[in-house]
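Student: Output the structure for:
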Amino acid sequence: MKKTGVDLQTFPQGALYIVGLPIGNAGDITLRALWILSIADVVAAEDTRETKKLLDRYGIDVPTVSVREHNEVAQVNMIIERLKKGERVALVTDAGTPAVSDPGARAVRGVMDAGFRVIPIPGASAVVTALSAAGLEPSGFHFYGFLPPQSKARQQALMQLAARQESFVLYEAPHRIVDVLKDMGKVLSPERRVVVAREITKKFETFTAVLAKDLVDWAKEHDPRGEYVILVDEEPAASQDGLSEQDQAWVLAIAKELPTSKAAAVAAKVTGMKRDAIYQWLLAQKH
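Tutor: A predicted model of the protein is given here:
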């Protein structure tokens, strides 16, 4: 182990280690993650059965306890009690990095509030991995995570995201992906570029770039399988200007006389812009 540099590493006791795990390919685990898992007094796992498979794969024999979304708050006290004894606690999720659209944030906050150290052990993250292979404009991005599962709330969230000019990234499950892509095709500007990434780092990994105007038809033909990352590029330059000052004036004027949705519909017919984009702009003016 000396050749790996483990002898030069320091692993404080009485600390919570946030350990990033592979998102698909088991070979993506880091040396530092393996070191921490092997010397931890306990591994707090989202699903102890899944984590046990990974530990067994690398010959690591460490006790596991369940810390998942539904018991995370209650289990914080257990973690703190262990830290008081000087133990090292490793926190993991089934895949990727804890607390990034996965359980872990509440545990981290509780441990920090109790005055104990939280140490991140970097590992795989689906959003960063997908971004590296999607070819989005390098001007920054907004990470949203999972959309609300309810149809109305999901559509509202998508309209708000569509009104933003910068790139944004979503996670989605296979049983909702088709509906999400269809909704996106209706609210995004037609030439906006969308990259659908599926099964990242796994055998059937795919990255598909589709223009928003083609999303509805593409979604109808798509066979949903695996976990998804959806990456939406920034608004095309031709669409970023939105309403001219002159158009803004008359649209605001009719919005005083009509319901916001109807005013947006009228403005969309006149200007050729997306109704939902104008609708979100009007809501922003009201607030």
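
Student: All the helices of the stretch 1-150 of the chain, in order from the start?
Tutor: Listed in chain order, the helices of the stretch 1-150 of the chain (DSSP state H, counting those that start in this stretch) span 31-39, 48-57, 72-84, 105-113, 126-132.

Student: Of all the residues in the first one, which ones are buried?
Tutor: For helix 31-39, burial by neighbour count (16 or more other Cβ atoms under 10 Å) applies to Arg32, Ala33, Leu34, Trp35, Ile36, Leu37, Ser38, Ile39. From N, CA and C alone the C-beta is placed, and that goes for glycine too.

Student: Output the helices of the stretch 1-150 of the chain as TSV; include the columns distance to Gly14 and mean pLDDT.
Tutor: Formatted as TSV, the helices of the stretch 1-150 of the chain follow (distance: least, Cβ to Cβ, whole Å; pLDDT from 0 to 100):
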stretch	distance to Gly14	mean pLDDT
helix 31-39	13	96
helix 48-57	22	96
helix 72-84	5	94
helix 105-113	10	96
helix 126-132	30	96
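
Student: Now the ones you listed in TSV, please, with extra columns for distance to Leu258.
Tutor: Shown next, in TSV, are those (distance: least, Cβ to Cβ, whole Å):
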stretch	distance to Leu258
helix 31-39	57
helix 48-57	54
helix 72-84	46
helix 105-113	42
helix 126-132	40
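
Student: Figure out which of these is closest to Gly140.
Tutor: Closest to Gly140 of the helices of the stretch 1-150 of the chain, according to Cβ to Cβ: helix 126-132, at 10.7 Å.

Student: Can you give the distance of that closest one from its chain's centre?
Tutor: Distance of helix 126-132 from the chain centroid (Cα atoms, centre = their mean, to the nearest Å) equals 10 Å.

Student: Would you mind pulling up the elements that that helix packs against?
Tutor: Judged by 3 or more Cβ pairs under 8 Å, 6 or more residues apart in numbering; DSSP states H and E, the packing partners of helix 126-132 are strand 167-172, strand 228-232.

Student: and of those, who's closest to Ala209?
Tutor: strand 228-232 (9.2 Å).

Student: Within the sheet, what are the partner strands of the closest one, with directions?
Tutor: Here strand 228-232 is paired, per DSSP bridges, with strand 167-172 (antiparallel), strand 193-198 (antiparallel).

Student: Now tabulate those strands in a markdown table and tack on mean pLDDT, mean neighbour count and distance to Gln9.
Tutor: Converted to a markdown table, the strands paired with strand 228-232 look like this (pLDDT from 0 to 100; neighbours: other Cβ atoms under 10 Å; distance: least, Cβ to Cβ, whole Å):
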| stretch | mean pLDDT | mean neighbour count | distance to Gln9 |
| --- | --- | --- | --- |
| strand 167-172 | 96 | 21 | 32 |
| strand 193-198 | 97 | 22 | 33 |
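
Student: out of the ones you listed, which comes closest to Asp28?
Tutor: Distance to Asp28, taken as Cβ to Cβ, is lowest for strand 193-198 among the strands paired with strand 228-232, at 15.5 Å.
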